[in-house]
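Chemist: Predicted model and sequence below, questions to follow.
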Amino acid sequence: MHQYEGTAWEEHFLPRLTSRKIAEMPKERALVILPVGAVEQHGPHLPIYTDTLVGEATLAQALGHVSLETEIWVLPPVCYGKSNEHAGLPGTISLSAATLHGIVMDIAESLRTSGFKKLLLFNTHGGNVDLLNTAAREIRIRTGLTVFYLSPSSLNVAADLLEAEELKFGIHGGDYETSVVLAIKPEWVDMKLAPNEIPAMSGYEFLTLEGKIRFAWKISDISASGVVGNATVATADKGRIIQERTVAILAKALSELCSFEIDNVISR
Ligand SMILES: [Zn+2]
């Protein structure tokens with residue numbers, strides 16, 4: 001099967017349209033989604049394309065469930081992210097913060113020129129989060145677009161599926177992420193090599209890897225295998241449940257973003 005078959009690509013992929021169709025389409029409510037991923041080491045068992053792959057698959061599934069009258073348009077992903085925390089590990093291809101910021105700003109400017117009003121930055125790589133939140137505000141200020149930000153992995157759909165340790169520390173290539181890739185593209189996972197590596201952080205009361213009080217790290221500070229989490233217990237069944245729950249939330253949330261009007265936020 002060709003990559004671009006199915007509802008998401010037929011009904012919601014912006015680049016499949018002609019320039020003229022885009023000129024003529026209504027844009028007041030239309031939401032344009034820019035997926036942003038990464039190409040970076042994901043341990044000995046997962047492909048370096050994991051984050052971008054998960055983003056595209058999740059969106060493709062969610063768009064199969066949005067109501068037909070919603071005007072939602074997906075762009076090709078920014079496949080590469082800010083991955084310098086994995087620099088030096090083979091396969092990691094990282095953009096600098098300035099480059100990624102510039103790419104996202106340029107795409108936003110181009111959308112504004114095309115007449116669009118709403119942009120969603122749909123991110124699937126932890127290392128992009130801070131930069132994309134900064135970029136979202138910059139886009140709002142510089143272009144006037146209404147900009148949304150969303151990371152599907154932060155929707156907290158897996159609390160009853162994962163162990164407490166994994167929920168706290170499983171931030172890269174662990175049970176959550178490995179299960180999701182097993183559900184999406186099992187042929188690209190080598191479970192024989194799946195590691196279990198939890199950083200020695202349980203003795204701290206306040207300090208966490210990505211919580212409210214944190215320290216800056218590069219992957220070699222917190223993991224020898226390149227994985228932070230327990231990938232050995234990952235299953236495709238868990239991944240399917242995670243994806244179903246994520247997709248159910250996204251299908252409704254995307255409609256809400258379409259109807260959101262920023263001018264109505266100030267109470268009068
Ligand atoms: Zn990842």
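Modeler: Thanks, I have the structure now.

Chemist: so what's residue 30 closest to, chain neighbours aside?
Modeler: residue 71 (4.0 Å; CB to CB, 6 or more residues apart in numbering). No exception for glycine: its C-beta is placed from N, CA and C like everyone else's.

Chemist: Look up how far residue 16 lies from the one you found.
Modeler: 15 Å (CB to CB, to the nearest Å).

Chemist: Which positions within stretch 240-258 qualify as buried?
Modeler: 241-243, 246-247, 249-251, 253-255, 257-258 (16 or more other CB atoms under 10 Å).

Chemist: and if you look at stretch 148-164?
Modeler: Buried residues in stretch 148-164 (16+ other CB under 10 Å): 148-153, 157-158, 161-162.

Chemist: got the contact list for the closest residue to residue 47 other than its chain neighbours?
Modeler: Closest residue to residue 47 apart from its sequence neighbours, by CB to CB, 6+ apart: residue 188 at 4.7 Å. Counting by CB atoms under 8 Å, 6 or more residues apart in numbering, residue 188 touches 46-47, 49, 53, 181.

Chemist: Is it possible to get a markdown table of those residues that adds neighbour count, pLDDT and secondary structure?
Modeler: Output for the contacts of residue 188, formatted as a markdown table (neighbours: other CB atoms under 10 Å; pLDDT from 0 to 100; DSSP: H, G, I helix; E, B strand; the rest coil):
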| residue | neighbour count | pLDDT | secondary structure |
| --- | --- | --- | --- |
| 46 | 30 | 98 | strand |
| 47 | 18 | 98 | coil |
| 49 | 19 | 98 | coil |
| 53 | 22 | 98 | helix |
| 181 | 26 | 98 | helix |
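
Chemist: Nearest to residue 231 among those?
Modeler: residue 46 (7.7 Å; CB to CB).

Chemist: now that we're looking at the closest one, how far away is residue 104 from it?
Modeler: Residue 46 is 25 Å from residue 104, by CB to CB.

Chemist: Likewise for residue 34?
Modeler: Applying CB to CB to residue 34 and residue 104 gives a distance of 7 Å.

Chemist: what do those two both touch?
Modeler: Common neighbours of residue 34 and residue 104 (CB under 8 Å, 6+ apart) are 78, 121.

Chemist: all strands of the stretch 1-150 of the chain, in order?
Modeler: 31-36, 72-74, 118-123, 146-150 (DSSP state E, counting those that start in this stretch).

Chemist: Look at residue 1 and report its pLDDT.
Modeler: If you check residue 1, the pLDDT there is 59.

Chemist: Oops, could you answer that again for residue 11 instead?
Modeler: pLDDT for residue 11: 92.

Chemist: what's near enough to touch it?
Modeler: Per CB under 8 Å, 6+ apart, neighbours of residue 11: 63, 68.

Chemist: Filtering the buried residues of stretch 148-164 by proximity to the ion, which remain?
Modeler: Contacts with the ion are made by none of these, judged by CB under 5 Å from the ion.

Chemist: could I get the residues you listed as JSON lines with distance to residue 176 and pLDDT?
Modeler: Shown next, in JSON lines, are the buried residues of stretch 148-164 (distance: CB to CB, whole Å; pLDDT from 0 to 100):
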{"residue": "148", "distance to residue 176": "23", "pLDDT": "98"}
{"residue": "149", "distance to residue 176": "20", "pLDDT": "98"}
{"residue": "150", "distance to residue 176": "17", "pLDDT": "97"}
{"residue": "151", "distance to residue 176": "12", "pLDDT": "96"}
{"residue": "152", "distance to residue 176": "11", "pLDDT": "96"}
{"residue": "153", "distance to residue 176": "7", "pLDDT": "93"}
{"residue": "157", "distance to residue 176": "10", "pLDDT": "97"}
{"residue": "158", "distance to residue 176": "6", "pLDDT": "96"}
{"residue": "161", "distance to residue 176": "8", "pLDDT": "98"}
{"residue": "162", "distance to residue 176": "6", "pLDDT": "97"}
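
Chemist: Cheers, nothing more for now.
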